[in-house]
Every structure is written in structure tokens, then in C-alpha cells.
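[1] sequence first, predicted coordinates after that:
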There are 2 protein chains.
Amino acid sequence: MPHPEPLARLIEQFQRLPGIGAKSAQRLAFHVLRTPREDADRLCDAIRDVKERVTYCSVCNTITDVDPCVYCTDTTRDPALICVVEEPQNVSVVEKTREFRGTYHVLMGALSPLSGVGPDDLKIKGLLTRVGQGQVQEVVLATNPNVEGEATALYLARLLKPLGVRVTRIATGIPVGSDIEYADEVTMAKAMLGRRDV
Amino acid sequence: MPHPEPLARLIEQFQRLPGIGAKSAQRLAFHVLRTPREDADRLCDAIRDVKERVTYCSVCNTITDVDPCVYCTDTTRDPALICVVEEPQNVSVVEKTREFRGTYHVLMGALSPLSGVGPDDLKIKGLLTRVGQGQVQEVVLATNPNVEGEATALYLARLLKPLGVRVTRIATGIPVGSDIEYADEVTMAKAMLGRRDV
């Protein structure tokens, strides 16, 4: 005997979420069933609010509920420095370091010919416009250190350098707190190449 | 700089779900942000439908969208046989075996003095009423084989036996497909005690 139809449908909907398998979806659905009505409403309201009120910044494409976003309008930030990331959620990773006081530019992906993502699918034009306005002095390319991210960084560097701006790439190497024992050979090689005087 | 308020609220709501940590909640919230509006609506509708249309069967307490549930009203099932489980989701585990053609009774928990769950917090009265009507011949206690489940099974057995009904307990032992090498000593001891002629 299958689950009642509304419950089966909720399990199916939960399963469509990333990282949620059949067992987790069932556990979540049963949780919703047990939870007070108000808690379920709060979850729904939060989902609807995100769809209604959160958009992308028209300048840097990060997620925001005001446009332009708080990063772009923050006068204590250095507008001469732009950090380029692939996804909006990468911005908060950089922010958590409390080391970066420039602005951002979100590409909304990375070049990936195999997945059919070309330069026109990324928010590159806006970046070139911002740099072309002359105020920007350095662009830090913080795309992922994988094939797609490296290709995107190279591609952007070729476009940006002729505009007379300094283009840098975040360092790759052994993560802090990790053990060299477990480093793969590519990371170890990058760490060796990127060695610095102490 | 924190996330926009609606997004932070959605992450917080997702984190309240069982098995969803901070990282998963953020990934889910960003997924909702990216997903088409219709998909987000479908998830919300499914949540609301479960809260509105799914209830507990007034006879056996399993989850259902009709009352009494499909198990209780199925005339091909044996009303003389009741399988007692702790939670509504346990019913589908028993159903999947396709071996059981009796009816169910969901206790909505197990005795747990440490968590303050006593006999009055469980749906025991309804079970006694059903058995007291005289039609029931056997009650299979399928509570979990842990401290709470065993205590609940013992407690129920003491209440049910005087009503002149056969009371049985599901077998504990080495799971099928598993290796004796990895069995804990309590399970192995139960398997030994429960040995049968071949």
C-alpha cells in the first residue's frame, strides 16, 4: 500500500532538492507531517519570500534584496578592487575571511564547453564595462581551481589585461590545517610552484 | 556582510529540518533561489497539502488521507491479526515485505521514562479497545529492538495477554546479507537464543 497521495507528492518534491535522497526525503516529509502547522507555514513563507524579494544585483550579480547590493553601495569598500567569483554563494566565503574590502563580480558559472557553457552564458560583459570605466585597478580572479575555473580565469585575464588593469589569481596549495600526507600530486605541485620566501 | 534577510530566514528554516546542517541548508536555499518559481510553488503546495489533507487514522493511527485508512477498510486483510509499530513510517517498512496481510496499530512512540514518555502518551487505549472487541487473535509487537521498544513490548504483552489474545514479538538476529564478523555481541546472543531447527 503506497503513502497517501499528498505525502507521496511531498516526498517526490523533497527528492528534487540537491543532496536529498529517497530516505532523507521520506524523513523530511514525515517531519513536516508531525510539525505544527505554523512551522510548516514559516518554511513555505520563507521559500516564497526568497522567490519574491531576493534578486541579483544589477551591477555585480550577487544576490540581494536591494539593488544595487550592499557591497556595491558600501562607501567603505574599495571600488578599485574587484573580486571575480563563479557563484553568488562564493561571495560569502570570501567575506568570511574579513580580509577583502573590495567589491565583487559574480560570473554566474564558469566556462565549460562540455556542458555547453560559453562566454556568452556568463556575466562577462558587465565586468568589462565596470573595468572599462577606468576606476578599477585590480581584478582578483577567484574562480574555482579546477579545469573550468582555470579556463575561465585564463579567458578573463586575456580580456582584462589589455584594459590596463592588474589581474591576479588566488593562490592554490595545501589547505591550512591539512596534512601534506593527504595532498594530491597536482595540489602539491601547485604548492611547490607557488612557494614564497619566509 | 550577511545574506539578504529573506535568504537568511530560509536557511534558518531549512536548518530546523532533521538531518539538515548549516551547509546543506545554505545549499538548499541557494537551490530555491535558482529554481524556477513554479518549482518552488510546487514544493510549497506539497507541504501545505500534507498539513491540510493528511491526518491520522482514527482506528489504527497510521497516516492517511481517508478515515478510516486503507489498511483498516481493506476487506482482504485479516482483522484478527494486528501488527503494533512505534511510528507511522514503520507501517510502510512492514508493507514492503508483502508478507503481512493483517492490520496495524501505531503507538506514536515508545515508552521512555528518561524522555518523559509514559503509557498515557502512547496510543495504547485504542489498541486495548480493538483487542477487547473479541475479533483479534494475535498481536505482533514490532516495536524497535532497543531499550525503549523492548520495554514497550513487555508492557503491552502484560496488558494484552489477560485479554486472551496471542502476543508475539518480531525476531531479532543477524540481518540478512550482513556478516557475522560485524555483529555486535547483543545481536549475536539474540540470534543464538532465537535459533531454529533446519
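    It's in.
[2] quick one: the residue nearest the centre of chain A from chain B, how far?
    Central residue of chain A (CA atoms, centre = their mean): residue A:87, 2.3 Å from the mean position. Relative to chain B, residue A:87 is positioned 8 Å away (CB to the nearest CB, to the nearest Å). For the C-beta atoms, the positions are set from N, CA and C on the backbone; glycine is no exception.
[3] hang on, isn't that residue packed against residue A:105?
    No: if you go by CB atoms under 8 Å, residue A:87 and residue A:105 don't touch, sitting 11.9 Å apart.
[4] circling back to that earlier point, check contacts around the residue nearest to the centre of chain A.
    A:106, A:108, A:109, B:30 (CB atoms under 8 Å, 6 or more residues apart in numbering or on different chains).
[5] mind giving me the ChimeraX select for the residues you listed, buried ones only?
    Selecting only the buried entries of the contacts of residue A:87 in ChimeraX, with 16 or more other CB atoms under 10 Å in any protein chain shown as the criterion:
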select /A:106,108,109 /B:30
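[6] show the contacting residues for the residue nearest to residue A:118 when sequence neighbours are not counted.
    Once flanking residues are discounted, residue A:118 sits nearest to residue A:111: 6.9 Å by CB to CB, 6 or more residues apart in numbering or on different chains. Shown in contact with residue A:111 (CB under 8 Å, 6+ apart): A:117, A:118, A:119, A:122, A:148, A:151, A:152, A:155.
[7] now render the residues you listed as JSON lines, adding pLDDT.
    Output for those, formatted as JSON lines (pLDDT from 0 to 100):
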{"residue": "A:117", "pLDDT": "94"}
{"residue": "A:118", "pLDDT": "95"}
{"residue": "A:119", "pLDDT": "95"}
{"residue": "A:122", "pLDDT": "96"}
{"residue": "A:148", "pLDDT": "93"}
{"residue": "A:151", "pLDDT": "94"}
{"residue": "A:152", "pLDDT": "95"}
{"residue": "A:155", "pLDDT": "96"}
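[8] can you list which of those are found in helices?
    Among the contacts of residue A:111, DSSP state H puts A:148, A:151, A:152, A:155 in helices.
[9] ok, the second one - how many residues close by?
    Just to be clear, that refers to residue A:151. 15 (other CB atoms under 10 Å in any protein chain shown).
[10] same deal with the last one?
    The burial count assigned to residue A:155 is 17, neighbours taken as other CB under 10 Å.
[11] dihedrals phi and psi, the residue lying closest to it once chain neighbours are set aside?
    Of all residues not flanking residue A:155 in the chain, residue A:111 sits nearest, at 5.9 Å (CB to CB, 6+ apart). Dihedral pair for residue A:111: phi -60, psi 130, per degrees, to the nearest 10.
[12] same question for residue A:71.
    Here is the backbone geometry of residue A:71 (degrees, to the nearest 10): phi -70, psi -40.
[13] did I read that right, residue A:24 in a helix?
    Yes: with DSSP: H, G, I helix; E, B strand; the rest coil as the criterion, residue A:24 is part of a helix.
[14] residues in contact with it?
    A:14, B:19.
[15] which pLDDT value goes with it?
    Here, the pLDDT recorded for residue A:24 equals 93.
[16] likewise residue A:42?
    94.
[17] how about it, secondary structure?
    Going by three-state DSSP: residue A:42 is helix.
[18] burial measure for the spatially closest residue to residue A:39 that is not a sequence neighbour, as a count.
    With sequence-adjacent residues excluded and distances taken as CB to CB, 6+ apart, residue A:39 is closest to residue B:16, at 7.2 Å. For residue B:16, the count of nearby residues is 13 (other CB under 10 Å).
[19] how about the one 3 residues further on?
    Here the neighbour count serves as a burial measure; for residue B:19 (other CB under 10 Å) it reads 11.
[20] can I assume it sits in a strand?
    No: Residue B:19 is assigned coil when assessed by three-state DSSP, not a strand.
[21] so who does it touch?
    Residue B:19 makes contact with A:24, A:27, A:28, according to CB under 8 Å, 6+ apart.
[22] ok, it to residue A:14 distance?
    Separation of residue B:19 from residue A:14 (CB to CB, to the nearest Å) stands at 11 Å.
[23] again, but for residue A:44
    To residue A:14, residue A:44 is 13 Å away according to CB to CB.
[24] out of these two, which sits in the more crowded spot?
    Of the pair residue A:44 and residue A:14, residue A:14 is the one with more neighbours under other CB under 10 Å, namely 24 against 20.
[25] do the helix or strand that contains the more buried one and chain B meet at all?
    The secondary structure element spanning residue A:14 is helix A:5-15 (assigned by DSSP states H and E). Yes: counting by CB under 8 Å from any CB of the partner chain, chain B has neighbours in helix A:5-15: A:5, A:6, A:7, A:9, A:10, A:12, A:13, A:14.
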